[in-house]
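Participant: Here is my input, please return the structure:
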Amino acid sequence: MFDTAMQRIKTILLIAILVAGLKTNCQSQAVYLTFQTQTFYDTIKVSWITESETDVDYFILQRSFYGSLSFTDLDTINAVGNSTTNQFYFYNDIPPMFDTCYFYRIKEVESNGQFIFTPVITGCVFLPLSVTELKQKNEITIYPNPSSGNFAIGFKNKAATGLIQILNQLGEPVYYSKISHESTIPINLKGVAPGNYFIRLLDGNNISNRKLIIVKE
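Facilitator: Sure, this is the predicted structure:
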């Protein structure tokens, strides 16, 4: 298990190095003191401090999934713009999946419209062992998967009172439903765009996650 975890970390660092090289020719107008992540159970806090800013308009915080070089925007945060004192920024990200790592970078946009990307940093969310053990008590299955949006969720054990959430790659909910002592739930998501989604079951103290793939008919 330790060797597997170390291999994952090495892979994450390699991809982060590759992505970090993707920059524009624009010169950064902000001097960064820090750019870091901190994990608080299921939340990754992304924060950065600028020592100075010159004609900086705003920052766009972006996230990428483990194993992907494609970034999506999380939030746009207005910059102070012009400053010679330390400025503090942060964003609390609740990612759609546990037990994995994510990549973060900042798209710094200047007042003239030019932009530059910061180097990439990583943030990981790993459930504590006690919660991981609880998660295994009610495994879920999805069938068919992939699907065109019409599928069913089955439970190994009947789910007690809880909640089913389906999230897109930005962590935004596209579907939720309360559940109560059910073994199968039919779901129709034919209105959503094709892509990868994540199903999260909150069943009392239990948490289960599964990847869902929606394809065109």
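
Participant: In space, not sequence, find me the middle residue of the protein.
Facilitator: Geometric centre of the chain, nearest residue: Pro95, 3.5 Å, by CA atoms, centre = their mean.

Participant: and the gap between it and Val56?
Facilitator: As judged by CB to CB, to the nearest Å, Pro95 and Val56 stand 27 Å apart. Just so you know, the C-beta spots here come from the backbone N, C-alpha and C atoms, and that holds for glycine as well.

Participant: Nearest spatial neighbour of the spatially most distant residue from the centre of the chain, chain-adjacent residues omitted?
Facilitator: The centre of the chain is farthest from one residue, Thr84, which by CA atoms, centre = their mean lies 32.6 Å away. Nearest non-adjacent residue to Thr84, counting by CB to CB, 6 or more residues apart in numbering: Ser52, 5.2 Å away.

Participant: swap in Tyr197?
Facilitator: Leu212 (4.3 Å).

Participant: Distance of that neighbour relative to Ile77?
Facilitator: 30 Å.

Participant: cool, and Pro119?
Facilitator: 18 Å.

Participant: burial count for Lys178?
Facilitator: 9 (other CB atoms under 10 Å).

Participant: these two touch, right, it and Gln165?
Facilitator: No. Judged on CB atoms under 8 Å, Lys178 makes no contact with Gln165 at a distance of 10.8 Å.

Participant: among the helices and strands of the chain, which one scores worst on average pLDDT?
Facilitator: helix 129-135 (a mean of 42; mean pLDDT, DSSP states H and E).
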